[in-house]
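*Asks:* I need the structure of the sequence given here:
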Amino acid sequence: MAEGHDKLLVDLEVRIKQVMFLCDSLKDENNRLKSEIRSRQKQIDAAMNDLQQLKAKYDGLKTARTITAASVDVEIAKTKLSKLVREVDKCINLLT
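*Replies:* So this is what the prediction gives:
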(Lines give C-alpha, C1' and ligand atoms only; values in the text may rest on other atoms or scores of the structure.)
Protein backbone atom coordinates (compact mmCIF):
# COMPACT_ATOMS: atom_id res chain seq x y z
CA MET A 1 0.00 0.00 0.00
CA ALA A 2 2.89 2.34 0.79
CA GLU A 3 4.26 1.77 -2.71
CA GLY A 4 0.97 2.90 -4.18
CA HIS A 5 1.10 6.12 -2.16
CA ASP A 6 4.74 6.68 -3.10
CA LYS A 7 3.89 6.23 -6.77
CA LEU A 8 1.00 8.68 -6.46
CA LEU A 9 3.26 11.21 -4.75
CA VAL A 10 5.89 10.86 -7.47
CA ASP A 11 3.22 11.26 -10.17
CA LEU A 12 1.88 14.33 -8.35
CA GLU A 13 5.37 15.79 -8.06
CA VAL A 14 6.01 15.23 -11.78
CA ARG A 15 2.73 16.87 -12.73
CA ILE A 16 3.38 19.82 -10.45
CA LYS A 17 6.79 20.30 -12.07
CA GLN A 18 5.16 20.13 -15.51
CA VAL A 19 2.59 22.75 -14.49
CA MET A 20 5.32 24.98 -13.07
CA PHE A 21 7.35 24.63 -16.27
CA LEU A 22 4.27 25.46 -18.35
CA CYS A 23 3.58 28.46 -16.10
CA ASP A 24 7.14 29.73 -16.56
CA SER A 25 6.88 29.23 -20.31
CA LEU A 26 3.63 31.19 -20.41
CA LYS A 27 5.16 33.99 -18.33
CA ASP A 28 8.07 34.23 -20.76
CA GLU A 29 5.72 34.29 -23.74
CA ASN A 30 3.56 36.89 -22.02
CA ASN A 31 6.60 39.13 -21.42
CA ARG A 32 7.70 38.69 -25.04
CA LEU A 33 4.24 39.59 -26.31
CA LYS A 34 4.05 42.65 -24.04
CA SER A 35 7.39 43.80 -25.38
CA GLU A 36 6.19 43.28 -28.93
CA ILE A 37 3.02 45.26 -28.19
CA ARG A 38 5.10 48.16 -26.84
CA SER A 39 7.26 48.07 -29.95
CA ARG A 40 4.24 48.03 -32.26
CA GLN A 41 2.62 50.86 -30.32
CA LYS A 42 5.75 52.98 -30.77
CA GLN A 43 5.62 52.26 -34.50
CA ILE A 44 1.94 53.22 -34.61
CA ASP A 45 2.61 56.44 -32.68
CA ALA A 46 5.43 57.36 -35.06
CA ALA A 47 3.24 56.61 -38.08
CA MET A 48 0.40 58.72 -36.65
CA ASN A 49 2.81 61.58 -36.03
CA ASP A 50 4.08 61.32 -39.61
CA LEU A 51 0.51 61.24 -40.87
CA GLN A 52 -0.38 64.41 -38.96
CA GLN A 53 2.69 66.18 -40.32
CA LEU A 54 1.88 65.10 -43.86
CA LYS A 55 -1.72 66.25 -43.48
CA ALA A 56 -0.50 69.64 -42.28
CA LYS A 57 1.88 69.91 -45.24
CA TYR A 58 -0.88 68.85 -47.61
CA ASP A 59 -3.25 71.48 -46.21
CA GLY A 60 -0.51 74.09 -46.60
CA LEU A 61 0.06 73.07 -50.20
CA LYS A 62 -3.66 73.20 -50.93
CA THR A 63 -3.83 76.66 -49.43
CA ALA A 64 -0.79 77.85 -51.37
CA ARG A 65 -2.24 76.44 -54.58
CA THR A 66 -5.56 78.10 -53.91
CA ILE A 67 -3.89 81.44 -53.32
CA THR A 68 -1.56 81.25 -56.31
CA ALA A 69 -3.94 79.68 -58.83
CA ALA A 70 -4.92 82.22 -61.46
CA SER A 71 -8.33 80.72 -62.06
CA VAL A 72 -9.40 80.86 -58.42
CA ASP A 73 -12.01 83.35 -57.39
CA VAL A 74 -10.66 86.07 -55.08
CA GLU A 75 -13.52 85.57 -52.63
CA ILE A 76 -12.65 81.89 -52.16
CA ALA A 77 -9.04 82.82 -51.47
CA LYS A 78 -10.12 85.51 -48.99
CA THR A 79 -12.41 83.04 -47.24
CA LYS A 80 -9.67 80.45 -46.92
CA LEU A 81 -7.20 83.05 -45.65
CA SER A 82 -9.74 84.29 -43.11
CA LYS A 83 -10.28 80.74 -41.92
CA LEU A 84 -6.53 80.24 -41.56
CA VAL A 85 -6.16 83.47 -39.62
CA ARG A 86 -8.97 82.42 -37.26
CA GLU A 87 -7.31 79.04 -36.70
CA VAL A 88 -3.98 80.73 -35.95
CA ASP A 89 -5.72 83.11 -33.55
CA LYS A 90 -7.34 80.17 -31.76
CA CYS A 91 -3.97 78.45 -31.44
CA ILE A 92 -2.37 81.60 -30.07
CA ASN A 93 -5.19 82.00 -27.56
CA LEU A 94 -4.74 78.41 -26.41
CA LEU A 95 -1.03 79.00 -25.87
CA THR A 96 -1.56 82.10 -23.75
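
*Asks:* For the chain, just list every one of the helices.
*Replies:* 2-68, 74-95 (DSSP state H).

*Asks:* Could you tell me the angle between the first one and helix 74-95?
*Replies:* Between the axes of helix 2-68 and helix 74-95, defined by axes from the mean of the first three to the mean of the last three Cα atoms, to 10 degrees, the angle is 130 degrees.

*Asks:* can you give me the offset of helix 2-68 from its chain's centre?
*Replies:* Relative to the chain's own centre, helix 2-68 is displaced by 12 Å; criterion: Cα atoms, centre = their mean, to the nearest Å.

*Asks:* Look up how far residue 21 lies from residue 10.
*Replies:* 17 Å (Cβ to Cβ, to the nearest Å). In short, each C-beta sits where N, CA and C put it, glycine included.

*Asks:* Which elements pack onto the lowest-mean-pLDDT helix or strand in the chain?
*Replies:* Every helix and strand of the chain was ranked by mean pLDDT, DSSP states H and E. The lowest is helix 74-95, at a mean of 82. The helices and strands touching helix 74-95, judged by 3 or more Cβ pairs under 8 Å, 6 or more residues apart in numbering; DSSP states H and E, are helix 2-68.

*Asks:* pLDDT averaged over the helix it packs on - what is it?
*Replies:* The average pLDDT within helix 2-68 is 91.

*Asks:* Run a quick neighbour tally on residue 54.
*Replies:* With neighbours defined by other Cβ atoms under 10 Å, the count for residue 54 comes to 10.

*Asks:* what's the answer for residue 39, then?
*Replies:* 10.

*Asks:* Could you do residue 58 as well?
*Replies:* 10.

*Asks:* Residue 76 too?
*Replies:* Counted by other Cβ under 10 Å, the residues lying close to residue 76 total 12.

*Asks:* and if you look at residue 80?
*Replies:* Residues near residue 80, counting by other Cβ under 10 Å: 15.

*Asks:* cool, residue 50 as well?
*Replies:* Counted with other Cβ under 10 Å, residues neighbouring residue 50 total 10.

*Asks:* List the contacts of residue 29.
*Replies:* Residues in contact with residue 29 (Cβ atoms under 8 Å, 6 or more residues apart in numbering): none are found.
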